[in-house]
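> Just need the structure, nothing else, for what follows:
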Amino acid sequence: MRNKILFITVFVASILFTSTLAAQNIDTENCEKTQSIHIDDLVISSDIFIQNNLSSINAPERKVKKVLLKNYNFLKSTFFKKDVIKNNVVEKELNAIVNTIIEANPKLQYQKFNMLYALNYEANATSLGNNIFFVYPGLFEILENDEQLTFVLCHEIAHQLLNHFQYSIEEQINLKKITLNKRKTLNLYRNKRELELNADALGFELYSNLNYPKSEAIKALKNLKNSDSILYSKTIDVKAQFHFKNYPFKPFWLNEKEQFLKLKKYTSNYRNLDSLRTHPNIDVRVNALNEKNKTEQETNPKITKNHLNKLKTWQEANYLCLIKNNYRYDLLLFFALEKHYKNPKNIFAAEVIANTLLKIYKAKKEKQFSKYIPPPNAFAANTSFSKLKMFLKNTEAREIRKIGLSFCNSLTTKSDTLIKIQKKFKHLNR
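This next block holds a predicted model:
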């Protein structure tokens with residue numbers, strides 16, 4: 001009888017242990033619920049892609065074909081690399097919002113809008129023409145409700161209705177001609193800003209037909225203005241998470257002067273994408289909408305979060321797993337540390353942290369650090385992310401390998417993957 005009770009106890013304990021591990025690794029399982037996108041699903045061929053756009057673009061045919069083929073190949077490459085993915089939850093919620101927009105704007109009923117989930121971490125949505133739209137993960141994080149998300153999608157739909165894709169093609173052709181002419185270059189960017197204001201105006205009109213609060217459209221723009229500081233302020237504590245009994249955290253790892261000196265050792269492979277902003281100042285856009293809003297009667301229906309909350313929940317569970325093979329080591333570590341900070345027993349997050357530290361060690365050893373970790377973003381200053389980047393810049397390869405080993409040693413529960421990584425760090429630290 002005693003043996004029987006002992007057997008049952010051990011059996012139940014093993015089930016509970018297995019269930020616990022399964023719960024800890026839920027991110028890995030959920031990640032499998034995504035599909036790759038094939039360009040044939042959206043565009044039949046490059047020839048059709050080119051012919052559909054050729055006649056509407058005011059530029060030499062030879063040059064237009066060349067740019068259109070380049071754009072087609074960009075889409076094809078993006079889908080192939082799974083930088084953009086399909087998921088039932090994302091499609092369902094975004095399509096539900098789009099259908100609501102179409103119902104309120106009958107002139108859209110024969111239009112197509114393929115809203116696709118792009119993995120690059122930014123608060124953005126973009127119209128690529130040809131019924132294709134990319135919606136980025138940061139957008140779900142900075143917006144507060146369905147109404148704000150609806151306005152952003154209305155803005156992108158407006159870009160398509162106004163045929164701004166044609167201007168984009170013409171710009172790509174003309175930009176090569178005017179690179180040395182500063183006045184013409186400024187005019188070109190002024191025109192792009194004008195396009196954004198026009199998309200705001202038409203997007204606001206589409207949005208207004210839903211009788212949603214006009215103030216939410218303006219709040220959406222204000223949230224976009226502060227997007228970087230919102231996105232990169234996740235709950236992580238670099239000092240606490242990389243402080244170990246046998247290898248304490250060193251204060252100079254977060255020293256700004258130390259970082260400045262070490263930055264000289266690396267040559268960045270990244271362009272400063274914020275050096276010439278194509279969007280007008282957010283305050284200008286807000287003022288423009290406020291002017292339009294003066295003639296509109298404000299409504300006060302119940303604010304909803306049903307679609308946005310489902311998108312946020314799905315993203316919280318899956319995003320780290322979706323980018324686990326990403327070349328941006330700083331972002332990988334950032335998201336993994338956040339999950340590990342919230343739940344130190346999250347095995348998958350621990351695996352990503354350990355594996356990423358190993359990759360960073362190799363990158364530093366091979367003088368390839370800047371290839372995988374770009375310079376600090378001025379728009380995300382004084383955030384948890386900026387501190388993490390500062391820490392990564394200031395540490396030497398030999399310090400990273402010690403941190404990696406100390407992190408693995410600190411874990412009470414280890415998967416087979418973590419044990420293998422721990423052995424690699426032990427070998428490096430001999």
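> So what does Val135 look like in phi/psi?
Per-residue torsions, Val135: phi -120, psi 130 (degrees, to the nearest 10).
> For it, name its beta-bridge partners.
Tyr117, Ala125 (DSSP bridges).
> where do the strands sit along the stretch 1-150 of the chain?
Applying DSSP state E, counting those that start in this stretch to the stretch 1-150 of the chain gives strands spanning 35-36, 84-86, 114-118, 125-127, 132-135.
> and the first one, how far from the chain's centre?
Between the mean C-alpha point of strand 35-36 and the mean C-alpha point of its chain there is a distance of 17 Å (CA atoms, centre = their mean, to the nearest Å).
> which residue ranges form the helices in the stretch 1-150 of the chain?
Taking DSSP state H, counting those that start in this stretch to define them, one finds helices in the stretch 1-150 of the chain at 2-24, 26-30, 46-54, 61-80, 88-104, 137-142, 146-161.
> looking at these, which is buried most?
helix 146-161 (a mean of 24; mean count of other CB atoms under 10 Å). Any C-beta I mention is one placed from the backbone N, CA and C, and that applies to glycine too.
> tilt between it and strand 114-118?
110 degrees (axes from the mean of the first three to the mean of the last three CA atoms, to 10 degrees).
> name the helices or strands packed onto helix 146-161?
helix 88-104, strand 125-127, strand 132-135, helix 137-142, helix 182-208, helix 214-225, helix 306-322 (3 or more CB pairs under 8 Å, 6 or more residues apart in numbering; DSSP states H and E).
> weakest of the ones you listed in terms of mean pLDDT?
Lowest mean pLDDT within the helices and strands packed on helix 146-161: helix 182-208, at a mean of 76.
> Deepest-packed of the strands of the stretch 1-150 of the chain, please.
For the strands of the stretch 1-150 of the chain, the highest mean count by mean count of other CB under 10 Å goes to strand 132-135, at a mean of 22.
> distance between that strand and the chain's centre?
Worked out by CA atoms, centre = their mean, strand 132-135 lies 13 Å from the chain centre.
> which residues touch that strand?
42, 75, 84, 90, 94, 113-118, 124-128, 153, 156-157, 160 (CB atoms under 8 Å, 6 or more residues apart in numbering).
> Can you say which of the strands of the stretch 1-150 of the chain is nearest to Asn293?
Ranking the strands of the stretch 1-150 of the chain by proximity to Asn293 (CB to CB) places strand 125-127 first, at 21.7 Å.
> Return the distance of the closest one from the chain's centre.
13 Å.
> how about the helices and strands packed on helix 146-161 in CSV, adding distance to Val284?
Below are the helices and strands packed on helix 146-161 laid out as CSV (distance: least, CB to CB, whole Å):
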stretch, distance to Val284
helix 88-104, 25
strand 125-127, 20
strand 132-135, 24
helix 137-142, 19
helix 182-208, 8
helix 214-225, 10
helix 306-322, 26
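> Between those, which one is closest to Asn58.
Judging those by CB to CB, what sits closest to Asn58 is helix 182-208, at 13.3 Å.
> quick one, domains of the protein?
With domains defined by automatic domain parsing, the chain comprises 34-232+293-309, 238-270+321-428.
> Pipe the helices of the stretch 1-150 of the chain into TSV and attach distance to His340 per row.
TSV is the format used below for these (distance: least, CB to CB, whole Å):
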stretch	distance to His340
helix 2-24	11
helix 26-30	12
helix 46-54	44
helix 61-80	30
helix 88-104	24
helix 137-142	19
helix 146-161	29
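> Look up how far Lys345 lies from Thr235.
From Thr235 across to Lys345, the span is 16 Å (CB to CB, to the nearest Å).
> My error: substitute Asp200 in the last question.
In terms of CB to CB, Asp200 sits 46 Å off from Lys345.
> Looking at these two, which is more packed in?
The residue with more neighbours, out of Asp200 and Lys345, is Asp200; 25 against 14, by other CB atoms under 10 Å.
> Now do the same contact list for that one.
His155, Ala158, Leu221, Arg285, Ala288, Leu289.
> Specify which member of the residues you listed is nearest to Leu357.
Leu221 (38.6 Å).
> Now Asn326: closest residue in space that isn't a chain neighbour?
Residue nearest to Asn326 in three dimensions, not counting chain neighbours: Leu332, with 5.7 Å by CB to CB, 6 or more residues apart in numbering.
> Kindly report the same for Glu91.
Met115 (7.3 Å).
> residue contacts, the one you found?
Contacts of Met115 (CB under 8 Å, 6+ apart): Glu91, Leu94, Asn95, Val98, Phe133, Val135, Leu153.
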